[in-house]
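**Q** Sequence first, then the predicted structure, then my questions.
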Amino acid sequence: MRTTSLNKGDVLMRTEFIRRPEVDDLVKLSRSTIYLMIKRGEFPAPVRLGRRAVAWRVSDIENWIASRESGQDWV
């Protein structure tokens, strides 16, 4: 898990990232289903960390899970 801290005014904002295997474990979906849902706008897109590395914000995944539990569409 990678953590980045950004200064936003006087507030210190902290963003945590997780890689795809951890996302798979959390949401219990296959890799192909996740990427299909990303394409449809039904799942959060990853953030590019480098030329060949992507990860998801933990907050995006948590919000997606919460929206599924409450029956709302994720946007």
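**A** Now that the structure is in, tell me what you want to look at.
**Q** Hmm, Ala55 and Glu16 touching each other?
**A** No - Glu16 is beyond contact range of Ala55, at 9.3 Å (criterion: Cβ atoms under 8 Å). All C-beta spots, glycine's among them, are computed from the backbone N, C-alpha and C.
**Q** Between the two, tell me which one has more neighbours.
**A** The neighbour count for Glu16 versus Ala55, taken as other Cβ atoms under 10 Å, is higher for Ala55 (19 against 15).
**Q** Which strands or helices does the host helix or strand of the more buried one pack on?
**A** Per DSSP states H and E: Ala55 is located in strand 53-57. For strand 53-57, the elements it packs on are strand 11-18, helix 20-27, strand 47-50, judged by 3 or more Cβ pairs under 8 Å, 6 or more residues apart in numbering; DSSP states H and E.
**Q** quick check: angle from the very next helix or strand once past that strand to helix 20-27?
**A** As assigned by DSSP H and E, the chain's next helix or strand after strand 53-57 is helix 58-70. For helix 58-70 against helix 20-27, the angle by axes from the mean of the first three to the mean of the last three Cα atoms, to 10 degrees is 20 degrees.
**Q** how many degrees apart are whichever helix or strand Ser32 is part of and helix 20-27 in direction?
**A** Per DSSP H and E, Ser32 falls inside helix 31-40. If you take the same axes, to 10 degrees, helix 31-40 sits at 90 degrees to helix 20-27.
**Q** gap between helix 31-40 and the chain center?
**A** 13 Å (Cα atoms, centre = their mean, to the nearest Å).
**Q** Send me it as PDB with only the CA atoms.
**A** What follows is helix 31-40 as a C-alpha-only set of coordinates in PDB (Å, rounded to 0.1, in the frame of the first residue of the first chain):
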ATOM      1  CA  ARG A  31     -10.000  -8.700 -13.400                       C
ATOM      2  CA  SER A  32     -11.900  -8.800 -16.600                       C
ATOM      3  CA  THR A  33     -15.200  -7.800 -14.900                       C
ATOM      4  CA  ILE A  34     -13.500  -4.900 -13.100                       C
ATOM      5  CA  TYR A  35     -12.100  -3.500 -16.400                       C
ATOM      6  CA  LEU A  36     -15.400  -4.000 -18.200                       C
ATOM      7  CA  MET A  37     -17.100  -2.100 -15.400                       C
ATOM      8  CA  ILE A  38     -14.500   0.700 -15.500                       C
ATOM      9  CA  LYS A  39     -15.200   1.000 -19.300                       C
ATOM     10  CA  ARG A  40     -18.900   1.300 -18.600                       C
END
